[in-house]
Structure formats: C-alpha cells, structure tokens
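Peer 1: here are the coordinates; sequence isn't available:
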C-alpha cells in the first residue's frame, strides 16, 4: 500500500546494499593549477559482495563497509601493508564508518537484528559500542566536530537534515528533503549537503551547524548526489564511470577529469579524499555486477514481450487476495493482522529503487507509531492491475482530514507481500495520456519516425526497478525500427490504466508474430514527451 506521505520511513540503506557488487578503489591524485590527474588505481576491497562508503581514518588507514559471511561490518585497510582487518564483531550490520574527531573511535550506522537502525560509536581500544543518538533514525551523516553530528534523518516520506549535539542530546532540524552526501568544506566552518526539494535539479548547499544558515553553492550533475571536496573551491563528482570536477567561480559547468571505465568501474557512487588531497577513494559498481540480459524483443516490445516464467505461479485472483489481506487490518488499526500480511524480510521502497526500510520489525514499529499518531486512517483501492506476482494498486487514502491519491507496486509470494514500492504523485503540467496514446498509435502503425518523436531526446528504458536497457532516441530508433520490420502483426492494446500525476501506468496486451504477451509499462512524461519507461516483468 502506498503511504508515501504517512509511513515513518526507516533504513534507506538495507536494500540498496544488496543491489549490485561494489568495490573500493584507491587512486593517487595530483593537481597542477586547473589540471587534475588521477592515476595508479587499485582495487583494495576485491571482495565478492558489497563494499562501499569508504573514508580515511588517517593517511594510512581506510574504513569502509564490507560484506563477510553474509553480514556487513566495518573493514579497515592498511595502505602501507595492503592488509585488511575487521574492527567489529556485532550481530547487526554496520554502514558509513567514519573516524570520530579527536578520539580513537569510529562511528557507524548499525542495523540491529531487532530491525532498528541506530548511530553507534566503536571504541578501537576495547571494541565496545555505544549508541550515540536516541530518538532519531539516522541514515547518513558526517562529523562537524567531536560533539556535533550533521545527519540525514528518516522522517515520514523523506530525509531531513539535523544537527545533533552528542554531549547533551539536543537536535535541531534545518532542512528537509536532503540527500546522502555530507562533507566538511575545507578551510571553512561549513558542511555541504545535497538539497533535493526540486526533482528536476538537485543542489549542493552549505550549512553552518552553529547557526543553521544554509546557502546555495552549485547544482549537482543531473541525478547525482555523491560529491567530495578537493579543496575549498573545487568539488569532485562522478556519473557512470566518469569523474568530473567543478571549480567555483571558474567553471560554468562540470568538466570531465578522468574516465575510470578502464578499471572496470561502471557507476561511481561514493568518494573520499585524505587530509592533503593526494589520495582519492572511490566506491563503484564494476563490470558484471549488475548485468541484465537483453535481446531484441525485451528492448523493443512495447511491453515485456520476453517475460520469463515466474518462479511463483499465481492466478490474478490469488495475487490480488494476498495484497488485499493487509487493507482491512490497516483500516481497523489492527497492527498484528496488518503486519502478518507481510514476509519477515519485507522491503519497502520508493519508485523506482530508493530503499526506505526493510524487515518486519521495522515495519511493525513504523505502523505502530502511525496508528498512535492519527485518529483516522482509511484506504480504498480505486483500481488494481496484476501481472504474475506483481500487483499495482491505485489507492485513495484518508488520514484524519486529508485525502491523497497514490499508487503502489507490490511483489508477493505464495502467501504474503514481499515488497512494496511507492510511486510519488507528482503534479503534471499537461495531460500525460495524450502523448502516451500517440505513442501507442504510432507503435501499432509501426511508424518508427512518429513513434520516436513521442520520446525525449534522452529517453531511458528500464526493467523494474532500475536496470537500464536502452538510452537515447538514436538507440530507440535502431532497436524499434528493426523490431517493427520483423513484426507485421504487431499490435498493443490497453487492458487497464492508472494515471498518477505525470505518470501513466498501463497493463498492455501485445500481439507479436501470432503470440500474445501481457506486461505493465510505467511511462513518465515531462515537458510533453515521454522521458522514461519502466517495464514490470
């Protein structure tokens, strides 16, 4: 059920850490005026599984989150000796390890076995851990000084920026809807953070933790929220396998510094520099870690024309009944029956693949808080479409005196709901059905020119959740042009539709060379053109 506005979100990290294999790379970095050289890259994690969120403990030791025996703990890498040890042995999983200023201790966000997410310190002398912040669910953070933490805290449907004084437990909120990247700006008393209030353009802003004052610094690369500071004037960021820099008051836009694909890096995520900016850490997805098999039909059919048989064989009625099991308990505030409708490892996300939290214990605590905070809560299913083990509901939710329309993607097993993905109701400048209907018309006419013209220049096609299968009008024209030529009986018809803001969700019946296929396509429309399509398979 899509409660984007109402769920007390928790654990943005847990699901994302299992999506693809990431590795930690160490580079040397040299600066000569405006020229930046990245060289001598080395994979220092070289570990099957998740390795991410690197930071420098000092100039010779590196901290990062690393998977061992199915659990994520804090790894420490010694640069001089090329050796790795683990510095904690808790039952929970640790993420975002950072040195605590002026102490022989490390902090980390820990997902405990009871499903709760907390910020802890770890004493390197005796290994003991201590909870640092009570009452706030910290997702990402950095240290301003040894007593001050700047963090992104999970609240309702977004991450909000807080400054916490560890010595007295006082916390103040200074911004809403922020990202995961926090860094102390060199030669200043400021912290940088990513401000995501506008979905079209994210911003890098500064915060003075002592006063709460924020200021705009620059815009991010489109869709990128991870940065680090080379010095007080130059910012580094990455997109795909490319590293970019932006020098304030000099560069009008981001400029490419290095192509890191030769190291096998396909997607740069986190970055960190040592104290004198001579060593650079990069966490990145690598070749083979997130490969999606593609063929001509899976890319070019207007729906999932090559859907493979699902491992869970469900009738539409059965799948719908499984989802329906949680609605009456929600309306009646019956917490135990509501929670019983979900699997133990349930995952909750925002569309397309932004983790919110995971685990039955966290879900139960979130809804316990929600039921106690609101006197009236009711959901009504307006429309439902089903494909194998996927159910998408259009819902009308009433919370006290507020009513919102929303949609949710559910994935079910034979008995319970395994995941929920919430689709944001974003305002549309125009009716998105107009261009989607025109696209369908040109598709059925096999008019490749007219079909391509309904899409934005930088159109992206995905398989749910976010595995890109095609990008750009040129690739679209090549793939679909050949497909249209090879499919004389091609025809698609809409059997069900949900329109939510700028998104059109269609269940489609497609005829291809005498065969009938069903699938669901989620179209996103911006500026009168289709900017992305996500196929549910």
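Peer 2: Received, thanks. Just so we're clear, the structure is a prediction, and the values are computed from it rather than from any experiment.

Peer 1: From now on I want contacts and neighbour counts done on CA atoms only, so please keep to that.
Peer 2: OK.

Peer 1: Can you pull out the low-pLDDT segments for the chain?
Peer 2: 1-20, 288-313, 537 (pLDDT under 70).

Peer 1: would you list every one of the helices in it?
Peer 2: 13-16, 296-300, 316-324, 327-331, 335-339, 360-373, 432-445, 448-452, 473-486 (DSSP state H).

Peer 1: okay if I get those as JSON lines plus distance to residue 249 and mean neighbour count?
Peer 2: As requested, those are exported to JSON lines (distance: least, CA to CA, whole Å; neighbours: other CA atoms under 10 Å):
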{"stretch": "helix 13-16", "distance to residue 249": "35", "mean neighbour count": "18"}
{"stretch": "helix 296-300", "distance to residue 249": "43", "mean neighbour count": "19"}
{"stretch": "helix 316-324", "distance to residue 249": "54", "mean neighbour count": "18"}
{"stretch": "helix 327-331", "distance to residue 249": "53", "mean neighbour count": "18"}
{"stretch": "helix 335-339", "distance to residue 249": "53", "mean neighbour count": "17"}
{"stretch": "helix 360-373", "distance to residue 249": "45", "mean neighbour count": "17"}
{"stretch": "helix 432-445", "distance to residue 249": "39", "mean neighbour count": "18"}
{"stretch": "helix 448-452", "distance to residue 249": "39", "mean neighbour count": "18"}
{"stretch": "helix 473-486", "distance to residue 249": "34", "mean neighbour count": "16"}
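
Peer 1: Distance to residue 420 for the ones you listed - can I get that in TSV?
Peer 2: Formatted as TSV, these follow (distance: least, CA to CA, whole Å):
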stretch	distance to residue 420
helix 13-16	12
helix 296-300	24
helix 316-324	10
helix 327-331	13
helix 335-339	13
helix 360-373	11
helix 432-445	25
helix 448-452	32
helix 473-486	30
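
Peer 1: Tell me which of the ones you listed sits nearest to residue 38.
Peer 2: helix 13-16 (27.9 Å; CA to CA).

Peer 1: returning to that earlier point: how about the helices of the chain, which one is nearest residue 229?
Peer 2: Across the helices of the chain, closest to residue 229 is helix 13-16 (CA to CA), at 23.4 Å.

Peer 1: Out of the helices of the chain, flag the one nearest residue 263.
Peer 2: It's helix 13-16; of the helices of the chain, that one is closest to residue 263 (CA to CA) at 22.6 Å.

Peer 1: To residue 217, which of the helices of the chain lies closest?
Peer 2: Per CA to CA, nearest to residue 217 of the helices of the chain: helix 13-16, 26.7 Å.

Peer 1: sorry, back to before: quick check: which of the helices of the chain is nearest to residue 250?
Peer 2: The nearest among the helices of the chain, by CA to CA, is helix 473-486 at 33.0 Å.

Peer 1: Point out the other elements, helices or strands, that the closest one touches.
Peer 2: helix 296-300, helix 448-452, strand 455-463 (3 or more CA pairs under 8 Å, 6 or more residues apart in numbering; DSSP states H and E).

Peer 1: Of the helices of the chain, which is nearest residue 139?
Peer 2: That would be helix 13-16 among these, by CA to CA, at 7.1 Å.

Peer 1: Show the end-to-end separation of stretch 329-336, please.
Peer 2: 8 Å (CA to CA, to the nearest Å).

Peer 1: now what about it, what contacts it?
Peer 2: With CA atoms under 8 Å, 6 or more residues apart in numbering as the test, stretch 329-336 has contacts from 337, 338, 364, 367, 368, 371, 377, 378, 379.

Peer 1: Angles on the backbone of residue 213, please.
Peer 2: Backbone torsions of residue 213, given as degrees, to the nearest 10, read phi -70, psi 140.

Peer 1: Reformat the contacts of stretch 329-336 as CSV; add distance to residue 268.
Peer 2: Shown next, in CSV, are the contacts of stretch 329-336 (distance: CA to CA, whole Å):
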residue, distance to residue 268
337, 42
338, 39
364, 35
367, 35
368, 38
371, 40
377, 42
378, 42
379, 40
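
Peer 1: so which of those comes closest to residue 476?
Peer 2: residue 379 (39.4 Å).

Peer 1: Skipping adjacent residues, who's closest to the closest one in space?
Peer 2: residue 397 (4.4 Å; CA to CA, 6 or more residues apart in numbering).

Peer 1: quick one: contacts for the one you found?
Peer 2: Contacts of residue 397 by CA under 8 Å, 6+ apart are 3, 377, 378, 379, 380, 403, 404, 405, 406.

Peer 1: Give me the buried subset of those residues.
Peer 2: The neighbour-count test (16 or more other CA atoms under 10 Å) applied to the contacts of residue 397 identifies 3, 377, 378, 379, 405, 406 as buried.

Peer 1: from memory residue 458 sits against residue 474, does it?
Peer 2: No - with contact defined as CA atoms under 8 Å, residue 458 does not reach residue 474; the gap is 9.3 Å.

Peer 1: do you know which of the helices and strands packed on helix 473-486 lies nearest residue 257?
Peer 2: Taking these one by one with CA to CA, strand 455-463 is closest: 22.9 Å.

Peer 1: just to revisit the earlier point, right, and the helices and strands packed on helix 473-486 - which one's nearest residue 114?
Peer 2: By CA to CA (comparing all of these), the closest turns out to be strand 455-463, at 32.6 Å.
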